[in-house]
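1. no FASTA, just this:
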């Protein structure tokens, strides 16, 4: 745990990192200062964890390791199952959460197999990007 997160928790405040990521997620199991509800990025427990995983965790507990049901909560140390970005048992990527619902927007163009070479600034505001792609000349995309 970072010292900033620790000190914020001691003071009874939600750390900034948690406020930001909490707004982005929809956690199916947890809803507290560390986990959000209603965001586009779905977070869930593994739908069908291996039976061997539970045996491994039990053996680790027998050796004195502490079980942790939430690695993104107040305590990160311990053993247990991680939550996953998935929905209905399928991977739920950031692209699926944020990009797919907005593909019909007229001010959005998706370019695959391209790399952002640099961000174009106007004053202190990002106004576009310069793209590079194999076998193509550089292209500038402007924000609208």
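-> Yep, it's here. In this text the structure is predicted, and so the values were computed from the model without any measurement.
2. show me where this structure dips below the pLDDT cut-off.
-> 1-22, 135-136 (pLDDT under 70).
3. what's the longest helix in it?
-> As assigned by DSSP state H, the longest helix anywhere in the chain is helix 51-62.
4. what comes up buried for that helix?
-> Neighbour-count burial for helix 51-62, counted by 16 or more other CB atoms under 10 Å, picks out residue 57. No exception for glycine: its C-beta is placed from N, CA and C like everyone else's.
5. which residues in the chain form helices?
-> Going by DSSP H, the chain shows helices at 3-10, 16-24, 51-62, 94.
6. which residues are in contact with the last one?
-> To tie it back to what came earlier, the one meant is helix 94. 41, 85 (CB atoms under 8 Å, 6 or more residues apart in numbering).
7. same question, the third one
-> Contact partners of helix 51-62, identified using CB under 8 Å, 6+ apart, comprise 67, 79-81.
8. quick one: residues contacting the spatially closest residue to residue 65 that is not a sequence neighbour.
-> Leaving out its chain neighbours, the residue that sits closest to residue 65 by CB to CB, 6 or more residues apart in numbering is residue 79, at 5.0 Å. When contacts are counted by CB under 8 Å, 6+ apart, residue 79 touches 57, 60-61, 65-68.
9. could I get those residues in CSV, plus columns for distance to residue 92?
-> Formatted as CSV, those follow (distance: CB to CB, whole Å):
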residue, distance to residue 92
57, 25
60, 29
61, 30
65, 30
66, 29
67, 26
68, 23
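10. out of the residues you listed, which comes closest to residue 129?
-> Using CB to CB, residue 68 comes nearest to residue 129 of the contacts of residue 79, at 40.0 Å.
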